[in-house]
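Engineer: sequence plus predicted model, see below.
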Amino acid sequence: MINKFMDSAREAVADIHDGATVLVGGFGGAGHPTELLHALLDQGARNLTMVSNNAGNHEVGLAALIKAERVKKMICSFPKASHSYVFNQFYAEGRIELECVPQGTIAERLHAAGAGLGGFYTRTGYGTQLGQGKEVREIHGLHYVLEYPLHADFALVRAQKGDRWGNLVYNKSARNFGPVMCQAARTTIVQVRQKVDLGALDPETIVTPGIFVDRVVEIPNPQFSS
């Protein structure tokens with residue numbers, strides 16, 4: 001019998017290894033898997049490459065991992081935000097690496113990884129510092145840069161509901177990068193506000209099928225309520 005439910009966040013992240021590349025869902029606090037990240041903080045993995053929309057908020061979740069010096073590199077779209085002061089300090093002191101990727105590009109790189117694509121051409125970044133050193137191609141008189149898939153060892157994602165097969169539904173905009181991150185990682189770990197019986201989710205409302213999910217842990221009252 002397939003049962004992807006885990007007893008705790010600690011158990012769910014136990015095998016995340018030093019040097020892993022980890023995708024982190026969320027747009028600011030919306031959909032941020034804070035409890036999984038805190039479990040990873042307690043677990044102790046180091047030299048991590050974290051992929052997220054931004055570089056953490058305040059001193060919780062992703063920002064807490066950065067503050068504890070567990071993150072060697074951030075790949076994100078918005079490294080500097082009003083509440084990302086931990087990353088700002090570390091980057092200014094040369095204590096963390098940064099790869100800045102436009103938001104649409106990072107989403108498509110994740111999609112390409114999940115879809116098995118070798119890469120794609122985009123106009124975003126052409127003629128800027130973000131396009132320097134990348135292959136350029138002219139198509140119908142316009143210039144494009146080649147971007148490659150963004151694969152990862154693990155994804156930490158938050159959803160609203162999940163069943164024992166790993167089928168997921170999300171809460172409105174808290175969905176954000178969750179679906180493409182689930183597809184792009186070798187191992188996907190999801191915290192849900194509510195675990196439901198198999199068959200309780202209308203198949204027409206399932207956003208992420210269980211084939212892309214490996215572990216699910218119920219967190220009824222997450223730190224961020226979205």
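Structural biologist: That came through, no problem.
Engineer: residues contacting the residue lying closest to Ser84 once chain neighbours are set aside?
Structural biologist: Take Ser84 and drop its neighbours on the chain: the residue closest to it by Cβ to Cβ, 6 or more residues apart in numbering is Ala55, 4.9 Å away. Just so you know, the C-beta spots here come from the backbone N, C-alpha and C atoms, and that holds for glycine as well. Ala55 is in contact with 62-63, 66, 74, 76, 78-81, 84, 87, 98, counting by Cβ atoms under 8 Å, 6 or more residues apart in numbering.
Engineer: how close does Ala55 sit to Pro179?
Structural biologist: According to Cβ to Cβ, to the nearest Å, Ala55 and Pro179 sit 22 Å apart.
Engineer: check Asp163 too.
Structural biologist: Taken as Cβ to Cβ, the span from Asp163 to Pro179 is 16 Å.
Engineer: and for Glu204?
Structural biologist: Distance from Glu204 to Pro179, by Cβ to Cβ: 15 Å.
Engineer: for the two, indicate the residue with more neighbours.
Structural biologist: Pro179 (22 against 5; other Cβ atoms under 10 Å).
Engineer: hmm, Thr208 and the more buried one touching each other?
Structural biologist: Yes - between Pro179 and Thr208 a contact is recorded at 5.1 Å, counting by Cβ atoms under 8 Å.
Engineer: between the two, what contacts are shared?
Structural biologist: Residues touching both Pro179 and Thr208 (Cβ under 8 Å, 6+ apart): Tyr170.
Engineer: quick one: least confident helix or strand in this structure?
Structural biologist: The helix or strand of the chain with the lowest confidence, counting by mean pLDDT, DSSP states H and E, is helix 85-92 at a mean of 94.
Engineer: what comes up buried for the helix or strand that comes right after that one?
Structural biologist: Next helix or strand after helix 85-92 toward the C-terminus (DSSP states H and E): strand 97-100. Buried residues in strand 97-100, defined by neighbour count with 16 or more other Cβ atoms under 10 Å: Cys100.
Engineer: neighbouring strands - and their directions - for strand 97-100?
Structural biologist: Strand 97-100 has the following strand partners under DSSP bridges: strand 71-78 (parallel).
Engineer: report the rounded mean pLDDT for the partner strand.
Structural biologist: Here strand 71-78 scores 96 as its mean pLDDT.
Engineer: could you do stretch 179-190 as well?
Structural biologist: 98.
Engineer: residues contacting that stretch, please?
Structural biologist: Residues from elsewhere that reach stretch 179-190 (Cβ under 8 Å, 6+ apart): 12-13, 15, 23-25, 33, 36, 51, 107, 110-111, 113-115, 149-159, 162, 166, 168, 170, 207-208, 212-217.
Engineer: would you list the buried entries among those residues?
Structural biologist: 12-13, 23-25, 33, 36, 51, 107, 110-111, 113-114, 149-159, 162, 166, 168, 170, 208, 212-217.
Engineer: can you turn the buried part of the contacts of Ala55 into a ChimeraX selection?
Structural biologist: The following ChimeraX line selects those of the contacts of Ala55 that are buried, judged by 16+ other Cβ under 10 Å:
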select :62,63,66,74,76,79,81,84,87
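Engineer: how about the contacts of Ala55 in CSV, adding distance to Gly141?
Structural biologist: Putting the contacts of Ala55 into CSV (distance: Cβ to Cβ, whole Å) gives the following:
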residue, distance to Gly141
Leu62, 41
Ala63, 44
Ile66, 43
Met74, 36
Cys76, 32
Phe78, 32
Pro79, 34
Lys80, 35
Ala81, 37
Ser84, 39
Phe87, 40
Leu98, 33
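Engineer: packing partners of the longest helix anywhere in the chain?
Structural biologist: Using DSSP state H, we find that the single longest helix of the chain is helix 103-115. Helix 103-115 makes packing contacts with strand 48-54, strand 71-78, strand 120-122, strand 142-147, helix 178-184 when contacts are defined by 3 or more Cβ pairs under 8 Å, 6 or more residues apart in numbering; DSSP states H and E.
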